[in-house]
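Enquirer: whatever this is, show me its structure:
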Amino acid sequence: MEPETPHDRLSDIPTQWSVVVRAHQDTPEAVSATKQLLERYRRPINRYLLACVRRLDVADELFQEFALRFVRGDFKNADPERGRFRCYLKTVLHHLVVDYQRKQQRESHQPLPAAEAAPEVAPPAAPEGDLTGAWREELMARAWDALASWERENGQPLYTVLRFRADHPDLKAAPMAERLSAQLGATVSAEWVYKKLHQAREKFTGLIVQEVAQTLEEPTVPNLEQELLDLGLLDFCQPALQRRGKSGG
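Expert: Numbers count the residues shown, from 1 in each chain. Now for the predicted structure:
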């Protein structure tokens, strides 16, 4: 697990569109906004690029190129009204990979005399990386990190219990209680396990919804529902979304 940064607390993270806007303004906050966004999405971007190019060194090189373009202001005209930040990011990365493919294609052919010039080469195929899957993994990872942080601050072992369940999905409540008792240094019952699992799932799904909300310019319940559906997380997070709707969040 990577160490927390000052911006890892979900309540402190603004929507990603607003970070993009701040990063391209001529203000003292621009540098920190740029760093925040690049650090926050390094992992899903790298996973997507690696799926596209199948080479770790090339994926890293393309991420550095993405970072360079972002820092120099190439994306300053991005418009939040055109869609979700994830879709915007996928378009940017798609063009980056296609540019790389075209460059490789040009360099792999020796120039021919004009009379023997080859016909125009077809453009490269669209990259096949799954940014949605990488994005979902990142959201889940950050929700796990937030739950672990919450446990440290509040002293309630919700992360410990839910992580144990995730790692041992077939274990019954009674043996779970026995093994958790040893791990926690205190005797717990099967009933205690059931109760803590329920609380942990509620907290965890709430953190996922909160994390998704940070990526939307207008995190209304309908917008969150659509994004969770697209990410394959709606069924899992539906109760948390309903609780958010009732609370007016």
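Enquirer: output whatever helix or strand Thr205 lives in as CSV, nothing but the C-alphas.
Expert: Per DSSP states H and E, Thr205 falls inside helix 190-213. The C-alpha trace of helix 190-213 is given here as CSV (Å, rounded to 0.1, in the frame of the first residue of the first chain):
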residue,chain,number,x,y,z
ALA,A,190,-19.5,-14.8,15.0
GLU,A,191,-22.3,-12.3,15.7
TRP,A,192,-19.7,-9.6,16.2
VAL,A,193,-18.2,-10.6,12.8
TYR,A,194,-21.6,-10.3,11.1
LYS,A,195,-22.2,-6.9,12.6
LYS,A,196,-18.8,-5.5,11.7
LEU,A,197,-19.0,-6.8,8.2
HIS,A,198,-22.3,-5.0,7.7
GLN,A,199,-20.8,-1.8,9.1
ALA,A,200,-17.6,-2.2,7.0
ARG,A,201,-19.6,-2.7,3.7
GLU,A,202,-21.7,0.3,4.4
LYS,A,203,-18.6,2.4,5.1
PHE,A,204,-16.6,1.0,2.1
THR,A,205,-19.3,1.5,-0.5
GLY,A,206,-19.9,5.0,0.8
LEU,A,207,-16.3,5.8,0.3
ILE,A,208,-16.4,4.4,-3.3
VAL,A,209,-19.4,6.6,-4.1
GLN,A,210,-17.6,9.6,-2.5
GLU,A,211,-14.5,8.8,-4.6
VAL,A,212,-16.5,8.6,-7.8
ALA,A,213,-18.2,11.9,-6.9
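Enquirer: so how far is it from its chain's centroid?
Expert: 19 Å (C-alpha atoms, centre = their mean, to the nearest Å).
Enquirer: again with stretch 235-246
Expert: In this view, stretch 235-246 has its centroid 20 Å away from the chain centroid, taken as C-alpha atoms, centre = their mean.
Enquirer: neighbouring contacts of it?
Expert: 202, 205-206, 208-209, 221, 224-225, 228, 234 (C-beta atoms under 8 Å, 6 or more residues apart in numbering). C-beta here means a position set from N, CA and C on the backbone, and glycine is covered the same way.
Enquirer: and it, what's buried?
Expert: Within stretch 235-246, the residues scored as buried using 16 or more other C-beta atoms under 10 Å are 237, 240-241, 244.
Enquirer: from these, which one has the minimum pLDDT?
Expert: Lowest pLDDT of these: Arg244, 92.
Enquirer: buried residues, the helix holding Thr205. List them.
Expert: For helix 190-213, a neighbour-count test (16+ other C-beta under 10 Å) marks 192-193, 196-197, 200-201, 203-213 as buried.
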